[in-house]
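Q: just coords:
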């Protein structure tokens, strides 16, 4: 349970050990959770569930985890743990949330089931909600925006990867008052194939995916709801499938009502992120990767954020890049859990990445 001081604040407790299980551990996000939790100094990985692979070793599904003794169990057989991470498809967590709460004191959900604040949003963007009474309890997982709300949270909802990349890019402009929500904002995200999950699909097969820059959600992507909720602004959002495995790169075009300078932009981004352990500012400068690049953060919980000012038409172009499976999913969940439970914020998330590296 979280260690809370007399003022209600949560403090780091590096010596605490908490039991954890991953429900839905056979997918890509589940595999990343297992990888991160297995190396986490404060979590004892007690279980992982999978209907399809019950009884099989975790390493037989996730080859990078070969050598571990853990085997998948049936999700109907949940043992009691301190923290339950749910990496299940949309709709599962909302149906089983009562069972999850019976098994664990803290639930961290990686699906879309508790990301939005209201039942009306789920009616508009999804197919409704089976447990709307829990929506008020959920805290959106991004610590960069919700660090003050996370300590002691019983239900944490990890954000979508496309939304995470877009929000982290645009947030400093709202925080600094450069944008107020009335301006035109256009966001275009390019994502890797792992976003589609481990289940096979015709569109995601290598023969169809290789070499493409394919629009798959020109309008109406569900992550748009999260972006608008977290930023309090309307966003014109599009998504492309591109030929990479890991990564989400957002390019956002914004048109502030008042003129801004490079100094204004640097002040905004540094003010938002200078103290953040997992956000790196990369805007111009020297080297091959002058702006945020998914390859530079592959396998890590880092987000890279940058910008370029176009003085000709007072446009600001904002760039952001994440690994969709880590900062966009599993790493974000672990980061938020660390904060919620009073652990060292960066625990288990210190991998710096590799260079050079192949297609992320």
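A: Thanks, I have the structure now. Computed from a predicted model, the values in this text were never measured in an experiment.
Q: so the residue lying closest to residue 308 once chain neighbours are set aside, which of the three states?
A: Leaving aside its sequence neighbours, residue 308 sits nearest to residue 317 (CB to CB, 6 or more residues apart in numbering; 4.7 Å). C-beta here means a position set from N, CA and C on the backbone, and glycine is covered the same way. Here residue 317 is recorded as strand under DSSP: H, G, I helix; E, B strand; the rest coil.
Q: isn't residue 317 right up against residue 311?
A: No - contact status for residue 317 versus residue 311: not in contact, 11.8 Å apart, counting by CB atoms under 8 Å.
Q: Spell out the residue ranges of the helices in the stretch 151-300 of the chain.
A: Assigned by DSSP state H, counting those that start in this stretch, the stretch 151-300 of the chain shows helices spanning 161-175, 206-209, 223-231, 262-273, 294-297.
Q: what about residue 259, how many neighbours?
A: For residue 259, the neighbour count with other CB atoms under 10 Å is 9.
Q: Would you mind measuring from it to residue 288?
A: Separation of residue 259 from residue 288 (CB to CB, to the nearest Å) stands at 32 Å.
Q: Name the residues that touch the worst-scoring helix or strand of the chain on mean pLDDT?
A: Least confident helix or strand, the chain: helix 206-209 with a mean of 87, by mean pLDDT, DSSP states H and E. The set of residues external to helix 206-209 that reach it, using CB atoms under 8 Å, 6 or more residues apart in numbering, is 193, 202-203, 241, 243.
Q: What is the nearest of these to residue 184?
A: residue 241 (25.2 Å; CB to CB).
Q: Number of residues surrounding that closest one?
A: 21.
Q: Residue 338 versus that one, what's the distance?
A: For residue 241 relative to residue 338 (CB to CB), the value is 32 Å.
Q: Please enumerate the strands of the stretch 201-350 of the chain.
A: Per DSSP state E, counting those that start in this stretch, the stretch 201-350 of the chain has strands spanning 213-217, 236-242, 248-254, 279-281, 303-310, 315-322. These are given in chain order.
Q: how far does the first one sit from the chain's center?
A: What that stands for is strand 213-217. The gap between where strand 213-217 is centred and where its chain is centred comes out at 21 Å by CA atoms, centre = their mean, to the nearest Å.
Q: do the same with stretch 272-286
A: Between the centre of stretch 272-286 and the centre of its host chain there is 18 Å, according to CA atoms, centre = their mean.
Q: cool, stretch 352-360 as well?
A: 20 Å.
Q: which residues touch that stretch?
A: Stretch 352-360 has contacts (CB under 8 Å, 6+ apart) with 192, 243-247, 294-300, 302, 323.
Q: Generate a ChimeraX selection restricted to the buried subset of those residues.
A: Per 16 or more other CB atoms under 10 Å, the buried members of the contacts of stretch 352-360 correspond to this ChimeraX selection:
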select :192,244,245,246,247,294,295,296,297,298,299,300,302,323
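Q: And the contacts of stretch 352-360, which two are furthest apart?
A: Spatial extent of the contacts of stretch 352-360 (CB to CB) is set by the pair 243 and 302 at 22.4 Å.
Q: Which of the helices or strands spans the nearest residue to residue 92 once chain neighbours are set aside?
A: Leaving out its chain neighbours, the residue that sits closest to residue 92 by CB to CB, 6+ apart is residue 111, at 6.7 Å. Assessed by DSSP states H and E, residue 111 sits outside every helix and strand.
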